[in-house]
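S.K.: sequence-free structure coming up:
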């Protein structure tokens, strides 16, 4: 009997409008979706794909770091950037490496 009264109370409430109403309708739609079982094979494949993407990104990042490390930069050029743009030596060094060690290109990229 109490369960019937609870159900009647829910029916008597006016449906909410706007975002709150949409949220309430979405939650109500999910009530029946709780019985859906997870396909562990699909989940494993999805997780493997995510891990593979992360590994590929890590390899790419390391390759980029190696390429940047191979670029020769001048300490004087680093100091020019530090003095003119008030950047750290690390930031100045990176800007120079990304621009092939060319001071003018590095300065242009930093002020653009």
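M.R.: Structure received. Worth saying up front: this structure is predicted, and the values here are computed from it rather than measured. Residues are numbered from 1 along each chain as shown.

S.K.: Model confidence at residue 45, what's the number?
M.R.: In this model, residue 45 is scored at 78, pLDDT.

S.K.: neighbours around it, how many?
M.R.: When neighbours are defined as other C-beta atoms under 10 Å, residue 45 has 11 of them. The C-beta positions use only the backbone N, C-alpha and C, and glycine is treated the same way.

S.K.: The residue nearest the centre of the chain: helix or strand, and which one exactly?
M.R.: The chain has residue 54 as the residue nearest its centroid, 12.1 Å off, counting by C-alpha atoms, centre = their mean. Per DSSP states H and E, residue 54 falls inside helix 40-69.

S.K.: Who are the packing partners of that helix?
M.R.: Judged by 3 or more C-beta pairs under 8 Å, 6 or more residues apart in numbering; DSSP states H and E, helix 40-69 is in contact with helix 89-98.

S.K.: and the helix or strand following the helix it packs on, how far out from the chain's middle?
M.R.: Using DSSP H and E, the helix or strand that directly follows helix 89-98 along the chain is helix 103-111. Relative to the chain's own centre, helix 103-111 is displaced by 28 Å; criterion: C-alpha atoms, centre = their mean, to the nearest Å.
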